[in-house]
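# heads up, no residue letters with this:
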């Protein structure tokens, strides 16, 4: 993963092991990835995408993915909705922020609605469709955080949701 001149060390002033260059002392910090996405609602239904890629190919999820360098979190959420669901959105504020420690992610999920009619499966989706609450295929939801976000949306709270108390660090997995 790192060139041969990097080795695990605890740098001065630090409290954990980092990869440090033995020649110049450069510290290669490894930080969580940021994931952005949206719960897109229309007429009391939510838009879900069936994944065409791994991990969890064939399972349903929210349109979401990694934030790119140079993007704001809002721009990233809009881009992900376009890439996965060919949907143009209007964001209505942050719904939830989740910390998934076991995989090093921070997820920022927005409340959203279609800005203009139409949606279709993008290259990372097998299909895309709106589900009424009672029709959501819960046993086929790809990720715990997608379940959490759908639940937060259904509760209609104007407050930002966080990890559920039983999985405060996002370590429970699938």
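Right, received. Where do you want to start? What you are looking at is a predicted structure, and each value in this text was computed from that prediction instead of being measured. Numbering: from 1, shown residues only.
# Helix or strand: which one has residue 153?
helix 144-155 (DSSP states H and E).
# Please identify the buried residues of that helix?
The neighbour-count check on helix 144-155 (16 or more other Cβ atoms under 10 Å) flags 144, 145, 146, 147, 148, 149, 150, 152, 153 as buried. (C-beta placed from N, C-alpha, C; glycine too.)
# starting at the chain centroid, how far to that helix?
From the chain centre to the centre of helix 144-155 is a distance of 12 Å (Cα atoms, centre = their mean, to the nearest Å).
# quick one, what contacts the residue lying farthest from the centre of the chain?
Distance from the centre of the chain peaks at residue 23, with 37.1 Å (Cα atoms, centre = their mean). The neighbours of residue 23, taking Cβ atoms under 8 Å, 6 or more residues apart in numbering as the test, are residue 5.
# What helix or strand is it located in?
Using DSSP H and E, residue 23 sits in no helix or strand.
# Go ahead and flag the most central residue of this structure.
residue 35 (3.8 Å).
# still on that earlier bit, can you add distance to residue 122 and give the buried residues of helix 144-155 back as CSV?
Formatted as CSV, the buried residues of helix 144-155 follow (distance: Cβ to Cβ, whole Å):
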residue, distance to residue 122
144, 23
145, 20
146, 17
147, 22
148, 24
149, 19
150, 20
152, 24
153, 22
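# need those in CSV with distance to residue 90 and pLDDT, can you?
Output for the buried residues of helix 144-155, formatted as CSV (distance: Cβ to Cβ, whole Å; pLDDT from 0 to 100):
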residue, distance to residue 90, pLDDT
144, 27, 95
145, 22, 96
146, 21, 97
147, 24, 96
148, 23, 94
149, 18, 96
150, 19, 97
152, 19, 94
153, 15, 96
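# closest to residue 69 among those residues?
residue 145 (22.5 Å; Cβ to Cβ).
# how is this structure carved up into domains?
Annotated domains of the chain cover 1-30, 33-157 [automatic domain parsing].
# any idea which of the ones you listed is most buried?
domain 33-157 (a mean of 17; mean count of other Cβ atoms under 10 Å).
# what's the single longest strand in this structure?
Longest strand of the chain, by residue count under DSSP state E: strand 89-100.
# And that strand, how far out from the chain middle?
Remark: strand 89-100 is offset 9 Å from the chain centroid, using Cα atoms, centre = their mean.
# Would you mind pulling the contact partners of it?
By Cβ under 8 Å, 6+ apart, strand 89-100 touches 32, 38-40, 74, 77-78, 81, 105-115, 145, 148-149, 152-153, 160-163, 169-170.
# Would you map the strands across the protein?
6-9, 18-21, 27-28, 33-42, 45-51, 60-61, 64-66, 89-100, 105-114, 125-132.
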